[in-house]
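Everything below, folded, please.
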Amino acid sequence: MGNRFQPLDSLCRWYLYALHGFLAEIMFTATVNFVVHWDWRFMGVTSVWALFIYGTFAMILEQLYFRLRRRCNFVVRGILYTLCIYLWEFCTGYILRCFNACPWDYSSLQYNFMGLVTLEYFPLWFVGSLLLERVVVYNVLRLRLDEAWRPKDGPCSKLEPKPE
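So this is what the prediction gives:
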């Protein structure tokens, strides 16, 4: 008798990572607006591009985690993840800027490069990347679906393969 619980496929994991990043960005911008401007409305903002950016980067980090977890300690992984975040943020920001669609601009910060990345965020990205590894990626990889589960009724029930 085989294992009837299957890990989530790549698309499901990407979706969970994308939603996590999207919501984390909304919470981060709301917190910054509260701390800096004392905005008690606690309103956060993001862009629909964040879904692609965060979902795809988390899939990259997931693969990095598999390759580095036994080779590098926690701190070294955090530094490598942070460097990858800077590269990813710069590349995606540069592409979006070419279409006048980049939702962030760090030009007002002292240690920015082209307004697309800034060293002021290094501690946040470092801690955030390790939290992503230890909390989000770790738990998403542990999620399982019962392969015997089938929707009873609904728009997707006709798409599901029938049990043999």
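
alpha carbons only for contacts and neighbour counts from here, please
OK.

got the CA positions of stretch 16-25 in PDB?
This file holds the C-alpha atoms of stretch 16-25, laid out as PDB (Å, rounded to 0.1, in the frame of the first residue of the first chain):
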ATOM      1  CA  LEU A  16       0.900  29.800  -2.000                       C
ATOM      2  CA  TYR A  17       4.300  31.600  -2.200                       C
ATOM      3  CA  ALA A  18       2.800  34.300  -4.400                       C
ATOM      4  CA  LEU A  19      -0.100  35.000  -2.000                       C
ATOM      5  CA  HIS A  20       2.300  35.000   1.000                       C
ATOM      6  CA  GLY A  21       4.500  37.600  -0.700                       C
ATOM      7  CA  PHE A  22       1.600  39.700  -1.800                       C
ATOM      8  CA  LEU A  23       0.100  39.800   1.700                       C
ATOM      9  CA  ALA A  24       3.500  40.300   3.400                       C
ATOM     10  CA  GLU A  25       4.100  43.300   1.200                       C
END
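
so how far is it off the chain centroid?
Offset of stretch 16-25 from its chain centre (CA atoms, centre = their mean, to the nearest Å): 6 Å.

could you give the mean pLDDT of that stretch?
Across stretch 16-25, pLDDT averages out at 95.

what's the helix or strand for the residue positioned nearest the centre of the chain?
Centroid-nearest residue in the chain, with CA atoms, centre = their mean: residue 54, separated by 3.4 Å. Using DSSP states H and E, residue 54 falls within helix 49-68.

Residues contacting that helix, please?
By CA atoms under 8 Å, 6 or more residues apart in numbering, the list of residues contacting helix 49-68 from outside reads 13-22, 77, 81, 85, 88, 92, 132-133, 137.
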